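1. Please work out how this folds:
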Amino acid sequence: MARLLSSITPLFSHTLPGGSGEDAVNQTRCFYAGENRRVVHHAIDMGLPESADMRAPGEASGLAALEIAMDEMAEKLGMDPVAFRILNDTQVNPEAPSKPFSERHFVECLRKGADAFGWAERNLKAGGRREGQWLIGHGMAGAYRGAPTMTSGARVRLQKGRLIVETDMTDIGTGSYTILTQTAAETMGMEMQDVEVRLGNSAYPTSSGSGGQFGAASSTAGVYAACVALQAQIAKRLNVDEARFEHGRVVAGQIDLALADVADGEEIVAEDSINFGDFKDTLEIGTFAAHFVEVAVHAYTGETRVRRMLAVCDAGRILNPITARSQVIGGMTMGVGAALTEGMSVDTERGFFVNHDLASYEVAVHADIPEQEVIFLDTTDAASSPLKAKGIGELGICGVAAAIANAIYNATGVRVREYPITLDRMIDQLPEAGRGAIL
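-> Numbers count the residues shown, from 1 in each chain. Next up is the predicted model:
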């Protein structure tokens, strides 16, 4: 057995006076089993900007360290990194064993990912696979991100067979218009082209807003609640207890009526919000993923190229696989930047940031990513929302940096524990064949 028996995880996060920094160890508390643990966050005042949220606050940066440590432990034990993580899976919060996960399919993510990626055919010896001038490596990492929800409201207006949805929810390129249209159309049994979604107006009912991976699960639940309130109004008008809404019609007993004819041309308005009860306090609700990466590292220069990436995600019901995939591959791309290029350089003598624009602070772009694949597990989580969905927008970046770091180690035998993993941090440690050629 190679279960984690104890764990000490300190975090030092710089902050402005009175700030809190970024808590990058929260995911460590409940990601893996472990009988004894000490997790500490130290916020340290420094003359630098607040160390704070970007994407997946805490998890994106914390897992960049934790998942390298898991890889190193697996190697020390002579275990497959996937098998080591499976062995240390948990279905309860290790710090509160009476608090089970509502749904947790991390092991399935690992197994399905290993199979789809071809993990069994990976490079087994660090520095042992080469294609011409390139050292080839394979790495993986687990991912965890919480699944918060927030109170969210909406108003719906039925006008002669057309439904208008109003909520002050935002769409920042994440597909809110699409999934809210879907939710309203499916709940009311209408075609999507008969639904109009209006967002971003403070005169509309208050929504969750975007951020923290809570937007989709919360706002769709709010629209669902408003549509259910509209259904109740229609049933009351027809003097029936229950009704079915399908194909643009309302059906109840002997009644089979087009929605356009329900109110004789009058507008019917309903408004409601979703509120999440205390039952969530007794459950641990999260999202999970497994990331697999193949890299090529130039044997003479240390240049790293990401060749292919795979993410397998467990995030409840996927409301729209197309927009969800876009969210995940965007996170994966951001993870490449975090691993290889993104680092803030401070001139401590002159007191300014050297790379203060996108000409010198380099982020990954489409041309840097040859192949990305995303697999969604077919799961639902009734504890999360009425639609049994959880957010996924930030899960895509969690663990990616560590998967790349682990793949670089597998390719070269060089373990770099500082990001970004630029070539200067490993060129003098490359295998002798490469170093001899460059020197």
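2. Helices of this structure, residue ranges please.
-> Taking DSSP state H as the test, the helices found in the chain are 26-31, 59-77, 81-87, 106-117, 176-188, 215-237, 321-340, 400-412, 432-438.
3. Quick one: residues contacting the residue most central in space within the chain.
-> Closest to where the C-alpha atoms of the chain average out (Cα atoms, centre = their mean) is residue 395, at 1.3 Å. For residue 395, the contacting residues are 56, 143, 145, 213, 287, 288, 289, 313, 315, 328, 331, by Cβ atoms under 8 Å, 6 or more residues apart in numbering. For every residue, glycine as well, the C-beta is placed using N, CA and C.
4. Repeat the analysis, applying 10 Å as the threshold.
-> 55-56, 59-60, 143-147, 213, 286-289, 291, 311, 313-315, 324, 327-328, 331 (Cβ atoms under 10 Å, 6 or more residues apart in numbering).
5. got it, and residue 59?
-> With Cβ under 10 Å, 6+ apart, residue 59 has these contacts: 23-28, 31, 66, 143-146, 213, 286-287, 394-395, 397-399.
6. Try it again at 7 Å.
-> Neighbouring residues of residue 59 by Cβ atoms under 7 Å, 6 or more residues apart in numbering: 27, 144, 145, 398.
7. circling back to that earlier point, which one of the helices of the chain lies closest to residue 16?
-> helix 59-77 (17.8 Å; Cβ to Cβ).
8. Kindly export that closest one (C-alpha atoms) in CSV.
-> Output in CSV follows, covering the C-alpha atoms of helix 59-77 (Å, rounded to 0.1, in the frame of the first residue of the first chain):
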residue,chain,number,x,y,z
GLU,A,59,-6.4,25.8,-7.5
ALA,A,60,-4.6,26.8,-10.7
SER,A,61,-1.5,27.9,-8.8
GLY,A,62,-1.8,25.3,-5.9
LEU,A,63,-2.2,22.3,-8.1
ALA,A,64,0.9,23.5,-10.1
ALA,A,65,2.9,22.5,-7.1
LEU,A,66,0.8,19.7,-5.5
GLU,A,67,0.7,17.6,-8.7
ILE,A,68,4.5,17.8,-9.2
ALA,A,69,4.8,16.5,-5.7
MET,A,70,2.4,13.6,-6.4
ASP,A,71,4.5,12.8,-9.5
GLU,A,72,7.7,12.7,-7.5
MET,A,73,6.1,10.5,-4.8
ALA,A,74,4.9,8.1,-7.4
GLU,A,75,8.4,7.9,-8.8
LYS,A,76,10.0,7.3,-5.4
LEU,A,77,7.6,4.5,-4.8
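9. Which pLDDT does the model give the residue located most distally from the centre of the chain?
-> No residue in the chain sits farther from the centre than residue 254, which is 47.2 Å out by Cα atoms, centre = their mean. pLDDT for residue 254: 90.
10. now do residue 7
-> Residue 7 is given a pLDDT of 65.
11. Let's see the pLDDT reported for the closest residue to residue 52 other than its chain neighbours.
-> Of all residues not flanking residue 52 in the chain, residue 22 sits nearest, at 5.4 Å (Cβ to Cβ, 6 or more residues apart in numbering). pLDDT, residue 22: 87.
12. Could you list the domains of the chain?
-> 6-148+281-438, 152-275 (automatic domain parsing).
13. weakest of the ones you listed by average pLDDT?
-> Among those, domain 6-148+281-438 carries the lowest mean pLDDT (a mean of 92).
14. count of residues packed around residue 405?
-> Counted with other Cβ atoms under 10 Å, residues neighbouring residue 405 total 28.
15. Touching, it and residue 414? I think so.
-> No: Residue 405 lies out of contact with residue 414 (Cβ atoms under 7 Å); the separation is 10.1 Å.
16. Need the contacts of residue 59 in a markdown table (columns: distance to residue 93 and neighbour count).
-> Shown next, in a markdown table, are the contacts of residue 59 (distance: Cβ to Cβ, whole Å; neighbours: other Cβ atoms under 10 Å):
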| residue | distance to residue 93 | neighbour count |
| --- | --- | --- |
| 27 | 12 | 26 |
| 144 | 12 | 25 |
| 145 | 15 | 32 |
| 398 | 18 | 32 |
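17. Can you convert those into a markdown table and add a column each for distance to residue 198?
-> Compiled in a markdown table, the contacts of residue 59 are given as follows (distance: Cβ to Cβ, whole Å):
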| residue | distance to residue 198 |
| --- | --- |
| 27 | 37 |
| 144 | 35 |
| 145 | 30 |
| 398 | 33 |
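18. Closest one of the residues you listed to residue 83?
-> Nearest member of the contacts of residue 59 to residue 83, counting by Cβ to Cβ, is residue 144, at 18.4 Å.
19. separation between the closest one and residue 193?
-> 39 Å (Cβ to Cβ, to the nearest Å).
20. List the buried residues in stretch 240-260.
-> 243, 245, 249, 250, 252, 259, 260 (16 or more other Cβ atoms under 10 Å).
21. I should have written stretch 295-315 there, sorry.
-> 295-300, 302, 304, 306-315.
22. Same question for stretch 311-330.
-> Buried, per 16+ other Cβ under 10 Å, within stretch 311-330: 311-320, 323-330.
23. Let me see the contact set for residue 27.
-> Residue 27 touches 58, 59, 62, 63, 144, counting by Cβ under 7 Å, 6+ apart.
24. Repeat the analysis, applying 10 Å as the threshold.
-> Contacts of residue 27 (Cβ under 10 Å, 6+ apart): 39, 56, 58-60, 62-63, 66-67, 142-146, 286, 398-399.
25. Got a ChimeraX select line for the buried ones in the residues you listed?
-> In ChimeraX, this line selects whichever of those come out buried by 16+ other Cβ under 10 Å:
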select :39,56,58,59,60,62,63,66,67,142,143,144,145,146,286,398,399
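26. still on that earlier bit, would CSV of the buried residues of stretch 240-260 with distance to residue 426 be doable?
-> Listed next are the buried residues of stretch 240-260 as CSV, based on distance: Cβ to Cβ, whole Å:
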residue, distance to residue 426
243, 66
245, 61
249, 66
250, 66
252, 70
259, 64
260, 67
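27. Residue 370 contacts residue 307, doesn't it?
-> Yes: the pair residue 370 / residue 307 is scored as a contact, 5.9 Å apart, by Cβ atoms under 10 Å.
28. which residues do those two both contact?
-> Joint contacts of residue 370 and residue 307 (Cβ under 10 Å, 6+ apart) are residue 294.
29. What does residue 206 show for phi and psi?
-> phi -70, psi 130 (degrees, to the nearest 10).
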